[in-house]
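J.: Dropping the sequence and predicted coords here.
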Amino acid sequence: MTAREIVLKTKDVAAGYGGGDIISNISIDVEEGQIFTVIGPNGSGKSTFIKVLAGLLHTRVGGISIKDEQITPLAAPERVAKGLAYVPQEYNVFPNLTINENLRVSTEFLKRDRCATGEQRERVLNMFPEIATRLTLRAGHLSGGQRQMLAFACAMMAAPVVLLLDEPSAGLSPKFVAEIFDRIKAVNRTGLTVVMIEQNVKEALRIADTVMVLVNGATRLSVPASEIGSTHDLHKLFLG
């Protein structure tokens with residue numbers, strides 16, 4: 001099998017708040033078209049790590065690159081312009097705006113070469129039919145699962161290289177959880193690379209290609225998802 005291109009890379013990344021590091025020495029190579037999933041117990045540094053990738057928290061040491069281009073010094077909007085899209089766990093849509101307005105606002109601050117084309121908008125709406133037929137509805141009237149779909153759609157408008165997802169199933173009713181993960185997999189099948197942190201380990205492993213286990217701010221393991229449970233005991237990894 002031909003090796004795929006590394007589209008997102010970190011090298012010895014450390015970051016934190018105040019005077020100490022929450023994560024340290026985190027190095028990852030994410031291949032094009034992968035779903036790369038980060039799991040770990042509460043307080044392991046997962047949210048810190050994805051905020052560092054998105055540019056919401058600066059690294060103390062280490063580097064981040066996308067397609068061999070260093071983005072470590074770039075602010076969050078500049079990283080979006082380079083091809084990163086981030087869907088936060090909360091406050092990921094504008095509830096007082098319509099679906100159509102949310103989609104439009106999502107790329108307005110980008111440079112012309114990354115603003116959504118009519119073709120890209122059509123592709124996005126085809127991927128998310130539950131919002132495509134309700135464009136004039138205010139986002140605040142959507143269910144939690146529908147809001148998450150809208151947040152994904154907004155992130156997709158600029159045709160990103162890598163989609164960053166911060167616990168996409170958080171706060172959703174059980175009936176929506178499997179649907180959300182199925183949609184993530186469907187989006188990934190279009191060729192989009194996904195980096196996701198998630199607490200719902202069972203569903204995350206169902207769609208993941210590679211899994212990194214983060215414990216106490218450090219990488220405990222990074223392996224193909226198929227090895228979790230068969231070769232590696234997740235409970236022992238979490239508990240040390």
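T.: Perfect, I can see it now.

J.: Which neighbouring elements make contact with the helix ranked longest in the chain?
T.: As assigned by DSSP state H, the longest helix anywhere in the chain is helix 174-188. In terms of contacts (3 or more Cβ pairs under 8 Å, 6 or more residues apart in numbering; DSSP states H and E), helix 174-188 is packed against strand 35-39, helix 118-127, helix 144-156, strand 193-197, helix 201-207. Where you see a C-beta, it was placed from the backbone N, CA and C, and this is true even at glycine.

J.: 7 Å instead?
T.: helix 144-156, helix 201-207 (3 or more Cβ pairs under 7 Å, 6 or more residues apart in numbering; DSSP states H and E).

J.: Name the residues of the shortest one that are buried.
T.: If I follow you right, that is helix 201-207. Within helix 201-207, the residues that qualify as buried by neighbour count (16 or more other Cβ atoms under 10 Å) are Val201, Glu203, Ala204, Leu205, Ile207.

J.: Likewise for stretch 62-73?
T.: With burial defined by 16+ other Cβ under 10 Å, the residues of stretch 62-73 counted as buried are Gly62, Ile64, Ser65, Ile66, Ile71, Thr72.

J.: Looking at the residues you listed, which one is closest to Val30?
T.: Ile66 (9.5 Å; Cβ to Cβ).

J.: okay, stretch 32-40 in CSV with CA atoms only?
T.: Only the C-alpha atoms of stretch 32-40 are listed here, as CSV (Å, rounded to 0.1, in the frame of the first residue of the first chain):
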residue,chain,number,x,y,z
GLU,A,32,-4.6,12.4,4.4
GLY,A,33,-8.1,11.0,4.6
GLN,A,34,-7.7,9.6,8.1
ILE,A,35,-10.0,9.9,11.1
PHE,A,36,-7.5,10.5,13.9
THR,A,37,-9.2,10.2,17.3
VAL,A,38,-7.8,11.3,20.7
ILE,A,39,-9.3,9.6,23.7
GLY,A,40,-8.4,9.5,27.4
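
J.: list the helices and strands the helix or strand harbouring Val7 packs on?
T.: For Val7, the enclosing helix or strand under DSSP states H and E is strand 6-15. Counting contacts by 3+ Cβ pairs under 7 Å, 6+ apart, strand 6-15 packs against strand 23-31, helix 46-54, strand 61-66, strand 193-197.

J.: Could you check how far the third one is from the centre of its chain?
T.: Centre-to-centre, strand 61-66 and its host chain are 17 Å apart (Cα atoms, centre = their mean, to the nearest Å).

J.: Counting neighbours, what do you get for the nearest residue to Val7 once chain neighbours are set aside?
T.: Nearest residue to Val7 in three dimensions, chain neighbours excluded: Glu32, at 4.8 Å (Cβ to Cβ, 6 or more residues apart in numbering). Residue crowding around Glu32 was assessed by other Cβ atoms under 10 Å; the count is 16.

J.: mind listing what Glu32 touches?
T.: Taking Cβ atoms under 7 Å, 6 or more residues apart in numbering, we find Glu32 in contact with Arg4, Glu5, Val7, Thr193.

J.: between these, which is nearest His141?
T.: Comparing the contacts of Glu32 against His141 with Cβ to Cβ places Thr193 closest, at 32.1 Å.
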